[in-house]
Structure formats: structure tokens, C-alpha cells
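Asks: attaching a predicted model along with its sequence, questions to come.
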Amino acid sequence: MKRVLIIEDDDFLQGLEAKKILNSGYDVLSAQTGEDAMKKILEPNVDVILLDLLLPNFDGFEILKKIKENDKTKNIPVIIFSNLSENKDIEKAISLGATKFMVKSNFSLEELMEQIKKLI
């Protein structure tokens with residue numbers, strides 16, 4: 001079964017995302033802090049990472065950088081799903097290796113699921 005790692009500190013939103021992904025037939029792993037995310041990224045068979053940028057401990061940019069620097073995880077597609085919407089943030093995420101940048105307020109969970117399906 002394909003697996004999606006959700007890195008999101010908002011309990012409510014993480015729950016909505018997880019339910020949508022599970023109902024679409026995928027397995028879900030979740031992390032709420034940067035520290036927890038770094039452990040879960042190394043779990044076997046993570047096929048796509050859904051990453052928020054504003055997290056406790058360290059931010060999503062740092063996590064993205066670590067994902068792309070690690071030989072075991074560098075080829076995992078990463079969708080940034082964040083409230084940050086300034087061009088500088090989008091450009092930074094793309095330059096660090098993000099596959100897709102989605103601003104939370106501009107996309108529905110259905111559209112997010114479409115992007116996940118394209119990458120799996």
C-alpha cells in the first residue's frame with residue numbers, strides 16, 4: 001500500500017488530511033513537530049510527503065533541506081501545503097527541492113488529493 005507522510009502541527013487539519021488520504025486508499029503516517037518528522041521520514045515505504053512550513057522545533061524549510069540531502073529520502077516527492085504564500089517562500093521551497101507548492105487557502109482537500117495521486 002502506498003504511504004503518505006503528513007507533517008502538520010494543526011491537529012484538526014492533520015485529521016482532515018489523514019481521513020481524505022485514508023479514504024482514497026493510502027496508508028498515512030503523521031508528524032506534528034520537526035523533530036518527529038525527521039524520525040518518520042526514515043520510515044520504510046514513504047511515497048509522498050505533505051509538508052507544512054510553520055512547525056514547532058524547526059521549520060519546514062529545514063526539514064525539506066534534510067530530506068533532499070539524504071540519499072535514502074531525496075527522491076521522495078514533497079508537496080508543500082502551507083499558509084505561507086509570498087513569492088520568496090515559494091521560490092525558496094522550490095529551490096530546496098519541493099515538487100509542488102500549494103497555499104492552503106487556495107486549494108481544497110480534493111485538489112490536494114489529486115496532486116498526491118499524480119505523484120504516487
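Replies: Perfect, thanks for sending it. Here the structure is a predicted model, which is why all the values come from computation and not from measurement. Numbers count the residues shown, from 1 in each chain.

Asks: which stretches in the protein count as helices?
Replies: 11-23, 34-41, 60-69, 87-95, 109-119 (DSSP state H).

Asks: which among those helices is found nearest to residue 102?
Replies: helix 109-119 (6.4 Å; C-beta to C-beta). For glycine as for every other residue, the C-beta is placed from the backbone atoms N, C-alpha and C.

Asks: buried ones in the closest one, by neighbour count?
Replies: Within helix 109-119, the residues scored as buried using 16 or more other C-beta atoms under 10 Å are 112-113, 115-116, 119.

Asks: cool, stretch 43-61 as well?
Replies: For stretch 43-61, by 16+ other C-beta under 10 Å, it's 46-53, 55, 59-61.

Asks: go on, stretch 11-22?
Replies: Buried, per 16+ other C-beta under 10 Å, within stretch 11-22: 14, 17-18, 20-21.

Asks: adding pLDDT and distance to residue 7, write those residues out as TSV.
Replies: Formatted as TSV, these follow (pLDDT from 0 to 100; distance: C-beta to C-beta, whole Å):
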residue	pLDDT	distance to residue 7
14	96	9
17	96	10
18	97	12
20	96	16
21	97	13
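
Asks: now those residues in TSV, with distance to residue 98?
Replies: Below are the buried residues of stretch 11-22 laid out as TSV (distance: C-beta to C-beta, whole Å):
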residue	distance to residue 98
14	19
17	17
18	21
20	20
21	19
